[in-house]
Every structure is written in C-alpha cells, then in structure tokens.
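**Student:** pasted the sequence and its predicted model underneath.
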Amino acid sequence: MQTVAKLIDTSLCIGCKACEVACQEWNDQEFTLGTFGGTYQTMPQLEHNFWNLIKFNEFETDGQMSWLMMKYQCMHCQDAGCMKACPSPGAIVRLPNGTVDFNHDNCIGCGYCITGCPFDVPRLSPETKKVYKCTLCSDRTAVGLEPACIKTCPTNCLTFGTRTDLLRKAEDRAHELQADGLQHAGVYNPAGVGGTNVIYVLKDASAPESYGLPRDPTIPWTVSLWKGPVKVLGSMVFLGGILGTFFHYIRYGPKKEEEHADED
Amino acid sequence: MTNGWTDVANADVILVMGGNPAENHPVGFRFVMEAKRKRKAKIVCVDPRFTRTAAVSDCYVPIRSGTDIAFLGGIINYSLSKGLYQAEYVRQHTNASFLLHKDFGFDAGHFSGWDEAKKSYDKTTWQYELDGSGFAKVDPTLEHPQSVFQQMRKHYSRYTPEKVAEICGCTAEDFLKAAAIVCSASPEDKSGTILYALGWTQHSFAVQLIHTAAMVQLLMGNIGMPGGGVNAQRGHANIQGATDMGTWNNLPGYLKIPRANMQSLDDYLKANTPKPLRPNSMNYWGNTPKFMTSLLKAYYGEQATKENGFGYQWIPKAGETENYGWGYMYDNMLAGKIEGLISFGMNPVANGPNTKKMLAALSKLKWLIVAENFETETSAFWNAKKLAEKYYPASGDPSQIQTEVFLLPASCFAEKDGAFVNSSRWLQWKDAALDPPGDAKRDQEIIAQLFTRIRTLYQKEGGKGADQLLNMQWNYATPLSPSLTEVAREVNGRDLTTGKQLSGFGELKDDGTTICGNWIYSGSWTEAGNNMARRGQDDPTGLGLYPNYSWSWPANRRILYNRASADANGKPWDETRAPLRWANGRWSGDVPDYKGDAQPDKLGSFIMLPEGVAKFFTADLVEGPFPEHYEPVESPVENALHSNVSANPSAKIFHAEMDKLGTSKDFPYVGITYRLTEHFHYWTKNMQASSELQSNFFVEIPDGLAKEKSIRNGDQVRVSTARGNVEGPALVTKRFRGLKVGGKTVYQVGLPIHWGFVGHIKGPLINNLTASVYDPNSGTPEYKGFLVNLEKI
C-alpha cells in the first residue's frame, strides 16, 4: 500500500478555520469555549480534544506587514518520535498507508510520546489519562475518503494523495511561487524525522519558524537514547534480572514462607 | 454581483475594498485564489485593517474609514491623466459623450442647484442637453467642454495622489502602486473585478461610493466582461433574495415603491416608466406597465381589473420624502406612532444603530411578535437592563415596559424548502432536510395563520384598510400552510388565458392576462419545471458560467451587461474571454443582455437604461451626479477638499433625544465595526462550534495607540461614543496602524459585532456605540467610521 499524505499550501490558506470545525465535528469532539490569547487563534495550543489548530503569526519586516496563517496538526513523521518513545507495545501504530495512529486500548498514559514529538503535538487528556492527536482521519482514509479537513477546505489549500505525488506537486508549486517572485518559497518535509506525511509549501521556507514550525526537527536525544543504546542496556538489565532469578532458584530452590510466631 | 463568484476566477486584477472576503466569504474566496493561482491575478486590498484578505494580497494600502471615494476618485484622475482607460469602450458604451446642461457645475462642496434653506438639490442642471426630439445631444469626440467626459475629468482633477494621501492617510506612493495595478486592467484583453461588501454600503455616502466603483470599471472597460464587474458580496444566505423581493424602497423586481403623490396606477406608471434618451435605446424599463400590472394581478387575482387600476389603490403608499426604511421606522416607533411590530429573521436590538434607541422604541409598542429559532435580544428586550448589566449599563425598567411580547418558535433554513438567492444572483432550490422540532412552524405557515386569522377578523368587524386584506388573492391548496412550490410558481408567473407557466418576462402583458410575483424571477419555474433545482455542471463557454446550474436572474443571464464585452461590430474585446459571440444573425454564449437577434450596432448596449449606455453621470441619486468625497458625519478631521461642506449635506440624520453626535474633542478615535470569519451576524453565538472558534468579544487596537494608553494585550478597555459604551479585552496589533491625516495621527479602533446579551456566548452589543445616521439613497446606517474614545479600565 502506498503511503498517503496531506499537502498544505500556505500561500492559499486564508485562516478561515473551516478545517478546525470539520476536525471537531468528524471526530465527535465536545465543543468547549476557546481561550482568548490576544490573537485570532482559537486557542494558544493544540489540546487533547482539539487536534487541528490554525496558527496566526503576525510580524513586520521593513514596514511590511505579514500575517501568516497555518494549519497545525500531527505531522505523521516517517520516523516518528512518538512511536520511538512509546513504551507500551501497540499503543502507537503505523498503519499500512503510513499514518501514525494511536490505539487507546493500549495507551498507558505515560506521556513519553509527548516528550518524543519534536512538533509538540500529542496531548494528555486529564480525564481519560490517555494521549490524543490527529489520526489523519484513519476511519475515513480506510474507506477511501480524504480527511475531513481536506474535504472542507474552501481554497484548495489542502490536498490529499500519495506521498510521492504530493511531494512532486509541492515542488512544482514552490517553483511556481519562486517564479512569481517569492524567491525563498519551498517545501517543508524535514529530514530530521525522515520526512513527514504532512508536507507544507511555505512562502518563505528559509524561515519556517515564522510559521511556528521548527527549523530542523529531530527526535530528542533522550528518546533516541532510550530506544537505542539504553534500550539494549535496559533489555540486558531486564534479561540479567530474569537469569539471576533463574540461577537463584537453581542454587537455593523455591522461596519458603518464613514462619512467624503468633503474637496473639 | 454584476458577474458571479465563479467568474472571479477569470480576473487579472482583483480590487478588494469595503469588504474582506477571505474572512467573510471564505467559500467564494476560492475563486479569488484560483485567479491568483491560474491567471497570476494581482490582488489589491484597500482596508483600514490588515485583514486575512490583506494577508494574501499583492498590494495592501491602509486607509482611514470612510475615505474610499477619495481613493477611487484618485484612481479616476490617475486613469484619465495617464490615458490608462479603454477609450473605445468609453466612447461606445458609456454616456461620456453626452452633453450636460450648460449651468451644471460644482463649487466648494456643492453641485449646482443646492437649496440651503431646503437642504436639498434642485436637479434641473443635472440633466442632459436635449435636441428637438427629446434625445440627449452627444459629442463622440468627447472634447466638448460640457460633455460628461470633460466634466468628469475636471471634477476629479482635484483628486491628486497627494490629496488622496492627505485625506485617506495612506502614502502617495502606496496609492500610486495600487492605482497602477487597478489601471493595468485598462487594455482590451485585460479584466479586473471589484469585490465589496458592507465596508462600502455602511456609510452616509454609500451609494455614491459604489457609483465611483462603477465609474472606475467603466473607464477600465470592465463592465460586461468576464473577470470584471462591480461585485457586491452579500452577507446573508438569502439577503439578495430579500432585496429582490422588495424592501421599503422597492416592490418585487425593483419596481419603485408607490408614493403619496401617485394615487392612481396611471400616476404611478407615468412617474416610473422612463422614456428613451437616445434613438437607439431599448429602454427596457419602458415595460414597467407589464411588470406592475402582472404583479398586481398576482396580489389581487380576480379582484384586480382594468377598471379598478388592477387594485393599485390597495397598495399602501409611502410619503413623498419619508419612507418606511429602518431609520424612519424606529424613529416613528420611538415617537409612539407605531403600535406593533412583527419581526422575522431580524434582531433589531442587535442590528439597529444606537441600541438604546432600539430598546426605547420597542418599549413604546403595544405588542411585538418575534418569530425565531432562538430567544434573541429583541424578544428579550424588556429584560435588557438585567441581562446586559454585565457588559454595559442598559436602560429600561421592565416594570415600566407595557409591550406584550410573543416569541413564536420558527423553523430554521434546513427545515424548509425554497430558494436561496446568492451573491451571484443564482436562485438555488433546496429541499427541507428535516422537520422543525417541537412546536416550531415554518415561516410560511406562521404568516398564513396570521393572515387568515386577521382577515377573518376584518370580515367580521371591518376596519381601516380592510380592502387591502379582503381583496388579496390567497388561493393556495392549503391556505393555512402554502407550499413554497406553489408560491415559487406564482412568483415565476403564468398566462391566465392558457393556464401555462410563463417561460420568461418577455411574455408579460399589461392587460391583466398574465400574473407574475416578481418579473426578474420569471423563467425560474417554467413549463419545463423548477429551473432553480438544476445542478448541471456543463460549461460550454469554458468561462465558468455553468448555464444549467440553478437559475440566475434575469433570464438565466450569468454576466450582466455582457453586450459591452464586444465592440460596435460585435467583435469581442478579448477573444479568449468572450461571453457572447455574434454570428449568423444571432448572439450566442451567455444569455445576451441585448435583443437576441439585433445587429451589434442597432441598439445601445445597456438595454435597461434610458440612455442605452452606462452612466458616469447620473441624476438618480440625492447628493450629486458625480460622487464627491464627504467625511463621515462623525469625523476626526474636516474635509480637505471643502471644509465648509465637510459631511454629505444630504445624509439622513435623526434627531431624537438619544440620537447624540460626538466631536473629536471628546471622542478622538475612529470606530469601525465588522464581522469575523468564525461567526454569522448575531446568530451563531447560539451555536457551539462557532462559539468555540471565537468565544470572546475583543477590541482591536493599533499598537501605537496601545502604547500611548499603556494598554497591553488582554487588558480590559472601555470604548465609548456619544451614544453609549462597551467593555472588553484589548487585542493589540500591528496590523492596524495609526494614519497620518491632515498633519495629525488618526487612530482607528476595531469592533467586531457578534456578541450580545442572549446566547451560548455573551458580550456587549456593538451597536450601543453607533449613530442613527443613514445614507440618503439606500437608508443604510453609517456603521463604519464614527467617533469613539478609548480608556483602559
């Protein structure tokens, strides 16, 4: 099965938040009230029950105002930090189409995936004590539908397709924007996480930070360590423990209940 | 819209001004983005605020609210002085060549004919020089000093880039950048569109502002062209339909409202049926008797006879100058002249200017009926003092209010069938998705029940104006709940001799043998069936006209004035963008805005106008034949063109006790109101999704002003006007800057409108701040550009 992806052409985003509503409605999220953070943003950050947020970034350069709007959600990394960090087998899975999805039956709510994510996406629900994020509408893609956000986007800023096709489309669009005079236009598909299944076309790819995207996201070294050398070490320690117990049994036999004097 | 949403994708230049489509029409905005992506269209956004539209535009110019005529007047001057206009189009399709009355002129803020005592104009000098046959004299060279062209050149020569900058608060450089892009649409093979909304219509000189836009588009040769036009983006799903079906100002199909000086049908037709002003003018409004008679037959059926003027006498008449527009209605209500009000799909306490006045006016009523989905500020008006106290001090002691209020649960749009008319003039039929919940009834059922019961009372008891009701035709199959299918068929009209549905307004007669509820909708439901329900996606012209998708008024024409897309010989100005083609003695393509088989040079190309051509100069409006920059009624500066006549001398200002106006001494900043993407008017504050996306009222403040006042993001502030005040958190932003106007810095304060004291989310009603000041032509309040003060609390 081919890996599917989402292309976000920021040059066409108008910050209308239709994707936010579509996400909330399709995923049956309970509507709460937004938090006023002194901007047009619905809330300052993603929440356990709010997986798709338009970020509004305004700044001025040489008297020229910019107001960048960008859809923010799980990036479905090729090399996913959350998966790496997760200690509970089967809680975070990669679907055959490449989507990184959570299986909440197996989630133990440890929150390691939150540490593991270089994009600050997963959120722990204080009620269920489990972690939530965008599923790339795996229940829609499984039956051949595009994710809800893409279905609803009024400006065709969002496209759904195979990763291979969309990467090519993204490059074409970036060239188009460059030809229109946006010389720094480019594709955001960071190598540090093996590339992402959510691909951005940025009007200024030389400064992804201005959109609120990390310039060079990598999986935190602690996570790599914990799943790399430390895991081997851990496994050795774990195995050592089991072997020790075995040899202890051989040497000393089964543990006997100590006899206690009846104090009554 | 003269064109339509899908057509915006054909534009090379898109001027967005007085509107913010990325935020308020995001779905239609896809066609703007399509033009940008596929045609490399340039978007120019002129707005007091750096909006979500500005964020994706190629050129953004900030201006002071209410200075749009100065900006567009500057573009007219730029175009004429640089020769950047489509000369042949102007010569052929406009009244530029018409000669004006020799005494016409403009001096120090007034046009000729101003009567200071009456505060109004005598329009004698605003007419054309006529020849012996009553036709206007013309000079095709456009060089005659009394020609419209030369008078226009003279009038706008004062609007230099420097003057524009001085008035608008932008820089002359920014203005010139925008003007150059707009005028890049002047070649024959370029098209530019203008998108506007309430940022233009809510001024005390709003209609003149749109007149200015039309002038720019005529100079560019953009009217009638794909990717051209003057395009109003309507703000409610069916507000276009509401306007088409009649307001205080017009009967259905833009037939003029009968007035006190038109007591008989003959009087009415004489006053409202224009005569052609050129020999080749088709003068389609010459058919007014057919439209009006057919309407009267739809109203009064068999009771309407030739002998009784088809029942014309039963239609209520407006005063010669007064009318039943919003301003007059609530002023009269406050004065105790109105007993009751039935309010459907309206929330006057929230919508109307000067909330205090709205509340006081409603409390003078004996009864108030509100048919709504939810409790609204209007149905709860009697309790405003208590409900609103958290947001601002409201007036009115409930124990002193005697108004009896009935809140009737009404169905919402998804619970009834019928047509929505969108901005593109498309009548789109929809089916009901579900039944109204509980006791809620569909609007037509509520109206029918009221009507039949009131009629029964009149039958039994008689009373004033009984004839109007007793003679009205109400022959629906289920009189207590007429089906909208039946009503829509009646609106389309039928031939009483054959009993057949009319195929279009061309079949209307003035002898009482046809009925038609709205002549411009004739053709929407023919013998072929309900054309509004069509969903064909074929596009034979390749221009995105989709002739078989829904039905567009008039006559399923998608681009109005499309005859002007070709030259005198019928050759399209742009071969790649031709909505019409003339071949083999017929026009093909879009439905021609012309006689289908008339030679290209036989008729004037603007068939609705007595001139037969489009008008730069028109005597139809109240305050002048050319648009002139006037300051908003409350303005921080004097008019830089003529300080003695600063505001529109014809603006309609009401003077009830609570209709106070402020000065810049007490209220130094400019307030503007607007909508946000996340909400629809005062309605979606009842919905959870919209409430989550934008839960909180806020006051948008330029960072320069915030620094002066030591206001930080999120601080509570109070905004006040001479009428009242509102309080809320500050949103401090660089997107909103101080502007240099007449040597001083003018700050503007942004006030989104969507909150109120009833609903899922609550906040102050912004109209607590606004004034009872109206455009004299349209009766629309001046919600943009009024004086406010700002304090940190």
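**Tutor:** Sure, I can see it. Numbers count the residues shown, from 1 in each chain, chains lettered A, B, ... in the order given.
**Student:** what about the helices in the stretch 301-450 of chain B?
**Tutor:** Remark: helices assigned in the stretch 301-450 of chain B by DSSP state H, counting those that start in this stretch are B:326-334, B:348-351, B:355-362, B:384-387, B:443-461.
**Student:** correction: the stretch 601-750 of chain B
**Tutor:** Counting by DSSP H, counting those that start in this stretch, the helices of the stretch 601-750 of chain B are B:688-693, B:703-708.
**Student:** of the ones you listed, flag the one that's most buried.
**Tutor:** For the helices of the stretch 601-750 of chain B, ranked by mean neighbour count under the definition mean count of other Cβ atoms under 10 Å in any protein chain shown, the leader is helix B:688-693 at a mean of 21. The C-beta positions use only the backbone N, C-alpha and C, and glycine is treated the same way.
**Student:** now for that one, which elements pack on it?
**Tutor:** Secondary-structure packing of helix B:688-693 (3 or more Cβ pairs under 8 Å, 6 or more residues apart in numbering or on different chains; DSSP states H and E): helix A:18-26.
**Student:** return the set of buried residues in the helix it packs on.
**Tutor:** Across helix A:18-26, burial judged by 16 or more other Cβ atoms under 10 Å in any protein chain shown covers A:18, A:19, A:20, A:21, A:22, A:23, A:24, A:26.
**Student:** helix or strand right after that helix?
**Tutor:** strand A:53-61 (DSSP states H and E).
**Student:** partner strands of that next one, with direction?
**Tutor:** Take DSSP bridges as the rule and strand A:53-61 pairs in its sheet with strand A:64-72 (antiparallel).
**Student:** contacts for the strand it pairs with?
**Tutor:** A:8, A:10, A:13-15, A:19, A:46, A:52-60, A:149, A:157-158, A:200, A:203, A:210-213, B:50, B:52, B:54-55, B:60, B:734-735 (Cβ atoms under 8 Å, 6 or more residues apart in numbering or on different chains).
**Student:** and the helix or strand just after it, what does it pack onto?
**Tutor:** Moving toward the C-terminus from strand A:64-72, the next helix or strand (DSSP H and E) is helix A:81-85. Counting contacts by 3+ Cβ pairs under 8 Å, 6+ apart, helix A:81-85 is packed against strand A:92-94, helix A:112-116, helix A:221-227.
**Student:** tell me the mean pLDDT over the shortest one?
**Tutor:** Confidence over strand A:92-94, taken as the mean pLDDT, stands at 96.
**Student:** over to the second one?
**Tutor:** Confidence over helix A:112-116 (mean pLDDT, whole number) is 94.
**Student:** so what's residue 11 up against?
**Tutor:** If you meant another chain, say so; for now it's chain A. Applying Cβ under 8 Å, 6+ apart to residue A:11 gives the contacts A:173, A:177, A:182, A:185, A:201, A:203, B:56.
**Student:** my question was about chain B, not that one.
**Tutor:** Contacts of residue B:11 (Cβ under 8 Å, 6+ apart): B:35, B:39, B:41, B:191, B:192, B:193, B:227, B:228.
**Student:** neighbours around residue B:720, how many?
**Tutor:** By other Cβ atoms under 10 Å in any protein chain shown, 21 other residues sit near residue B:720.
**Student:** no wait, residue A:135
**Tutor:** Around residue A:135 there are 22 residues (other Cβ under 10 Å).
**Student:** before we move on, back to that, can you redo the helices and strands packed on helix A:81-85 as CSV with distance to residue B:46 and mean neighbour count?
**Tutor:** CSV is the format used below for the helices and strands packed on helix A:81-85 (distance: least, Cβ to Cβ, whole Å; neighbours: other Cβ atoms under 10 Å in any protein chain shown):
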stretch, distance to residue B:46, mean neighbour count
strand A:92-94, 50, 18
helix A:112-116, 45, 21
helix A:221-227, 51, 16
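**Student:** nearest to chain B, of these?
**Tutor:** helix A:112-116 (23.3 Å; Cβ to the nearest Cβ).
**Student:** what's in contact with whichever helix or strand comes after the closest one?
**Tutor:** For helix A:112-116, the succeeding helix or strand toward the C-terminus, using DSSP H and E, is strand A:123-124. Contact partners of strand A:123-124, identified using Cβ under 8 Å, 6+ apart, comprise A:46, A:47, A:48, A:109, A:111, A:114, A:130, A:131, A:132, A:133.
**Student:** what average pLDDT does strand A:123-124 get?
**Tutor:** 97.
**Student:** and after it, which helix or strand comes next?
**Tutor:** Counting by DSSP H and E, the next helix or strand C-terminal to strand A:123-124 is strand A:131-132.
**Student:** direction included, what does that following strand pair against?
**Tutor:** By DSSP bridges, strand A:131-132 pairs with strand A:123-124 (antiparallel).
**Student:** pick the most deeply packed of the helices of the stretch 301-450 of chain B.
**Tutor:** Taking mean count of other Cβ under 10 Å, helix B:355-362 is the most buried of those, at a mean of 26.
**Student:** helices or strands up against that helix?
**Tutor:** If contacts are counted by 3+ Cβ pairs under 8 Å, 6+ apart, helix B:355-362 sits against helix B:326-334, helix B:348-351.
**Student:** contact partners of stretch B:351-363?
**Tutor:** Contacts of stretch B:351-363 (Cβ under 8 Å, 6+ apart): B:326, B:330-331, B:333-334, B:341, B:348-349, B:368, B:378, B:381-382, B:384, B:394-396, B:400-403, B:656, B:658-659, B:681-682, B:723-724, B:765, B:767-768, B:770-773, B:781-783.
**Student:** whichever of the residues you listed end up buried, select them in ChimeraX.
**Tutor:** Buried subset of the contacts of stretch B:351-363, written as a ChimeraX selection, criterion 16+ other Cβ under 10 Å:
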select /B:326,330,331,333,334,341,348,349,368,378,381,382,384,394,396,401,658,659,682,723,724,765,767,768,770,771,772,773,781,782,783
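**Student:** in PyMOL, select just the buried ones from the contacts of strand A:64-72.
**Tutor:** In PyMOL, this line selects whichever of these come out buried by 16+ other Cβ under 10 Å:
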select buried, (chain A and resi 8+10+13+14+15+19+46+52+53+54+55+56+58+149+157+158+200+203+210+211+213) or (chain B and resi 50+52+54+55+60+735)
